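S.K.: One predicted model, sequence on top.
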Amino acid sequence: MLRAWGRNDGVVPEALFPVVYDELRQRAHNFLRRERPGHTLQTTALINETYIKLREQRNFEWENRAHFFAICATLMRRILVDYAKTKHRAKRGSHAEHLPLDGLALAVEQKMDIDLLALDDALDRLARIDPQQERIVELRYFSGLSIEETADILELSASTVKREWRAAKAWLRQQLTAGNKA
């Protein structure tokens, strides 16, 4: 169905979305539960925004189910960053949205909050240095994909993904803690 939708072969998103909805909802829920208490964006709203963004896509080829969820992870990241930016502007100088760092496992035994906008900026910098590491973080953190699923999507070995994941976490830890000290 994913491939047929991408080729415009008669499958419409309305037919596909119910098939993937439960898994997409679970992934969005897992991500949002790591957010700070009192976060106002709900799982259903995040999924609906993702669906709207997916409908805007034209002529794409989904390689497989994992590829579809990887694209959804990218869309969710963008939606959450846009949401945080909007909230930040609305509060006129208030602090940006914070996410617990334990989802990234960057702080080994301590729970730190991460500014989502700072994380997004750090990921953009990482993408310029090492796009593969940025993609691994995006897939693992924003979509909750396993090492194996990430390896399949990126066509890498699981050991490479593990190594790059560790390196990316270390780099992000340094970037985010240096930003907190400034």
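M.R.: Thanks, I have it.

S.K.: chain center to stretch 120-135, what's the gap?
M.R.: The chain centroid and the centroid of stretch 120-135 are separated by 13 Å under Cα atoms, centre = their mean, to the nearest Å.

S.K.: Apart from its neighbours in sequence, what residue is nearest residue 160?
M.R.: Excluding the flanking residues, the one nearest residue 160 by Cβ to Cβ, 6 or more residues apart in numbering is residue 151, at 7.2 Å. For glycine as for every other residue, the C-beta is placed from the backbone atoms N, C-alpha and C.

S.K.: In which helix or strand does the one you found reside?
M.R.: In the assignment (DSSP states H and E), residue 151 maps to helix 147-154.

S.K.: Show me what that helix is packed up against.
M.R.: Where contact means 3 or more Cβ pairs under 8 Å, 6 or more residues apart in numbering; DSSP states H and E, helix 147-154 is packed against helix 65-90, helix 131-137, helix 158-181.

S.K.: Centroid-nearest residue for the chain?
M.R.: Nearest residue to the geometric centre of the chain (Cα atoms, centre = their mean): residue 142, 2.4 Å.

S.K.: Show me the shaky parts of the protein.
M.R.: Within the chain, the ranges that satisfy pLDDT under 70 run 4-13, 34-39, 58-60, 87-114, 179-182.

S.K.: Now residue 157: phi and psi?
M.R.: Dihedral pair for residue 157: phi -80, psi 150, per degrees, to the nearest 10.

S.K.: Now for it, how many residues are close by?
M.R.: Around residue 157 there are 11 other residues, counting by other Cβ atoms under 10 Å.
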